[in-house]
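Novice: 3D, please:
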Amino acid sequence: MSRHFIVGFLFLIACDGSTPQPAPNGEPPPQANAPAVEPPTLPKGSVDFGPSLTTLSTAAPYNLEVHKEVAQCAECHAPIVEEWNDSVHALASMSNPFYRVAFDDFSAKSGADKLPFCGGCHDPALLYDGALKQPIDGSSVRAHTGVSCNTCHGVEAVTTDGNASYTLNTTPIPIPKDGDADSLTAHLSRVGMAALRTNDLCVSCHRGFMSPETGHEVVISGLDEWGPFRGSGYNGNLVGRITDVAPTNCVGCHMPTTPDGHNSHRFPGGHSTLAKMASPEQFEAVKALVEDAATIDIAAYGVGEVALRPWAGAKDGDSVWFDVVVHNKNVGHVFPGGAQDLRDTWVEVEVKDANGKVIATAGTDHENSGADPSAYVLQAYMVDDQGKRVVDHAVHGFRTPAFKHSIGPKDSAVIRYRFEHGAAAEPLTVTASLRHRRLTKTFQDAACKHTKRPEDAVFQAGAKQFRGFEGDPCEPQPILEIDRNTTTLGQPTASENPEWVRQYQRGQGLAHHVSESLDEASEAFLTTLALLGEKGEARAIAKTRFELGRVYGRQGRLQDAMDQFALAEKLIGEHPAIEYARGQANHRVFKFKDAVLWYDKASKLADDDRIWRDLAIAAGSISDTDTTYRAARAGLKIEPRDPHLLRNQMLALKKLGGDPAWLDGANKAFGDFKRDEQAPNIQDTCAANDDQCRKGRIPVQVIDMVTP
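Specialist: Model (predicted):
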């Protein structure tokens, strides 16, 4: 049972029980006739194009001519249009053979009335022109418009809800005239509205969720680049951890400045497969981004028992282990991002003896088979109502992720490998490689088969006519090596990172361990502190003490945790991550009143949904209804569909009283977006019947290597 559920349950008793509990200051709890309260914060629903949240501007009816007009833009912006034409934005709709197979499957199994869920972001020209719910004409320009110039440059309003949460204006674009300053001003005003240069514009489509409106029984989070980015140092957010990254935005990574000074409209991301099909220039842009995304390291090793001790060699029959650490170095959201069930980024490991003989491997068959059980794959494992894996991005069948192997910004994952030593000649050399192809082999095979149907030929011809695209999904996908590391056991490492950084990143990964194994994480952080020494760089020591304190907090070692936080604060001063972590440490041992105080202090330093969520839950657990309601409303302004916030808002409003219509709205919002209570049972079913599912749910996975 999760902590959120436990303390939320306590609040349910406090709110609905017959005997109200006193507030922490000794005052009586608020009554139904208390002063009027603010209205609840409620999520917005779809309007005209549900299940997507998109709307059209009221300025004028939809105008396909403006929406599809790229050639006119090219008259003045030829280099930009040339870049865009190779991008995934240009290939977002029916020119994309991989999208077509997922679209057709969703259409066939969910029905045409659900297709706006896809269309708001992928097919706006088809959606707004009324063609999406009809058989798609692959020879029509509508089918190949994709995310055109006006799709971004026509957005006049936007939210971070996702599912195409933007308002589009397709009024005619004023064209500047030579020597006419007013006409230039009018042009720039029309194509450069306030939403254009915000993260929110990107978020409106690079965030998604499924719900009963999309044909799903429950609410399921889809791709979400925004949530992790918003809560990271890349966004200037200091709540998650003490970090040193320079704040940036979506444009900073995905629209880099070109030599001639404009922001690239190639929009490079992780889609190396489609980029390879589009052009050499597009592939190089994507390749440069992907290959700088993450690092891999062999950070610790030993014999038998897992502990950091000097390597003294191994003998025949010994079990040798080593930890591989994958660190999200430069990705501001989770790595890999996008639709995580389709990602195929994996770890390959090879051990050789002194004679160069391979004595153990893991993941080395994944490139060919796409299903090597010894491969650690950074992807999500989506399952249906019966706990069976849903393959090939069959979105209609999604119920819940069994696990997600993605790595947050500046976070790390640890994978432990072990093998029997045998009579190998020492020294032993371990090589670990992090490799990437965009799509799973099964999905690529499905797309290849899909495009061989006779009826698909018209779409291929349309892609060639309108986008100049002739990509063949049956061609082998490019495989990129993101990073490689080789370590000889017992010899000094050749790592570019100082040893303290290596152990710090290992500690980050081990901190995801199950509670009973968290001593391994604390040992890694204590090793880091020893390596830094008393005269080490103050901020590095503070970061490590903070992480060590969080581990102690998870173990229920409250005083030890608070001591580490105090030492970190002494080095760097007041910090929202420290105040928030203090609240979490108290919360975990049911010291709710103290947790409320720390969360409240953190909330004055940062406006973050995590703080508001935990503050609402902790305050509810001591019947501080006013604080619960205030915190829930504040958090819902950031995350309007968060089930914990919606629940606490509804319960607090019920106790505070107010307009009955408000309570009806709060009740409905909670009911519409409540968490999936059956998910744990479904995940357990998957683990009981699927070995990969069982292993994948273990936070720090142990892989027994293949010994030839």
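Novice: residue furthest from the geometric center of the protein?
Specialist: What lies farthest from the middle of the chain is Gly179; by C-alpha atoms, centre = their mean that is 47.7 Å.
Novice: And the pLDDT for that residue?
Specialist: With respect to pLDDT, Gly179 has a value of 92.
Novice: And Gln491, by the same measure?
Specialist: So Gln491 comes in at 89 (pLDDT).
Novice: what does Gly26 give?
Specialist: For Gly26, pLDDT reads 39.
Novice: and stretch 61-69, how far from the chain's centre?
Specialist: Put simply, stretch 61-69 sits 33 Å off its chain's centre (C-alpha atoms, centre = their mean, to the nearest Å).
Novice: so where's the protein shaky on pLDDT?
Specialist: For the chain, the stretches with pLDDT under 70 are 1-36.
Novice: switch to 90 and redo it
Specialist: Scanning the chain for pLDDT under 90 picks out the ranges 1-37, 59-60, 304-318, 421-425, 491-496, 534-535, 657-658, 708.
Novice: Show me the residue at the heart of this protein, geometrically.
Specialist: Val334 (4.2 Å).
Novice: Can you report phi and psi for it?
Specialist: For Val334, the backbone dihedrals are phi -70, psi 150 (criterion: degrees, to the nearest 10).
Novice: Go ahead and confirm it touches Trp226.
Specialist: No. The criterion here is C-beta atoms under 8 Å, and Val334 misses it with Trp226 at 10.8 Å. C-beta coordinates here come from the backbone N, C-alpha and C atoms, glycine included.
Novice: Let me see the ranges of the helices in the stretch 51-200 of the chain.
Specialist: 64-68, 71-86, 97-110, 116-122, 124-128, 149-153, 181-191, 199-203 (DSSP state H, counting those that start in this stretch).
Novice: tally of neighbours for Asp260?
Specialist: Other residues near Asp260 number 6, with proximity taken as other C-beta atoms under 10 Å.
Novice: can I assume it is in contact with Pro79?
Specialist: Yes. Using C-beta under 8 Å, Asp260 is in contact with Pro79, at 7.1 Å.
Novice: contacting residues for the residue nearest to the centre of the chain?
Specialist: 224-225, 228, 328, 340, 406-409 (C-beta atoms under 8 Å, 6 or more residues apart in numbering).
Novice: In space, what's closest to it - neighbours in sequence excluded?
Specialist: Ser406 (4.0 Å; C-beta to C-beta, 6 or more residues apart in numbering).
Novice: tell me the contacts of the one you found?
Specialist: 334-337, 340, 378-380.
Novice: Looks to me like Ala432 is in a helix.
Specialist: No. Ala432: not assigned to a helix; according to DSSP: H, G, I helix; E, B strand; the rest coil it is strand.
Novice: Out of the contacts of Ser406, which comes closest to Ala413?
Specialist: The closest of the contacts of Ser406 to Ala413 turns out to be Leu378 (C-beta to C-beta; 7.7 Å).
Novice: Pull the number of nearby residues for Glu225.
Specialist: Neighbours of Glu225 using other C-beta under 10 Å come to 23.
Novice: need the contact list for the closest residue to it other than its chain neighbours.
Specialist: Nearest residue to Glu225, sequence neighbours excluded (C-beta to C-beta, 6+ apart): His333, at 4.1 Å. Listed by C-beta under 8 Å, 6+ apart, the contact set of His333 reads 224-229, 232, 409.
Novice: how does it look with 7 Å?
Specialist: 225, 228-229, 409 (C-beta atoms under 7 Å, 6 or more residues apart in numbering).
Novice: Kindly report the same for Tyr381.
Specialist: Counting by C-beta under 7 Å, 6+ apart, the residues that Tyr381 touches are 389, 401-403, 693, 696.
Novice: Out of those, flag the one nearest to Glu475.
Specialist: Arg389 (26.3 Å).
Novice: hmm, back to that, most neighbours among the contacts of Tyr381, which one?
Specialist: With neighbours taken as other C-beta under 10 Å, the top of the contacts of Tyr381 is Ala402, carrying 26 neighbours.
Novice: which secondary structure elements does the host helix or strand of Ala540 contact?
Specialist: Per DSSP states H and E: Ala540 is located in helix 538-554. Secondary-structure packing of helix 538-554 (3 or more C-beta pairs under 7 Å, 6 or more residues apart in numbering; DSSP states H and E): helix 499-510, helix 519-532, helix 558-572, helix 576-588.
Novice: Also compute the angle for the longest one relative to helix 576-588, please.
Specialist: What it means is helix 558-572. When axes from the mean of the first three to the mean of the last three C-alpha atoms, to 10 degrees is applied, the directions of helix 558-572 and helix 576-588 differ by 170 degrees.
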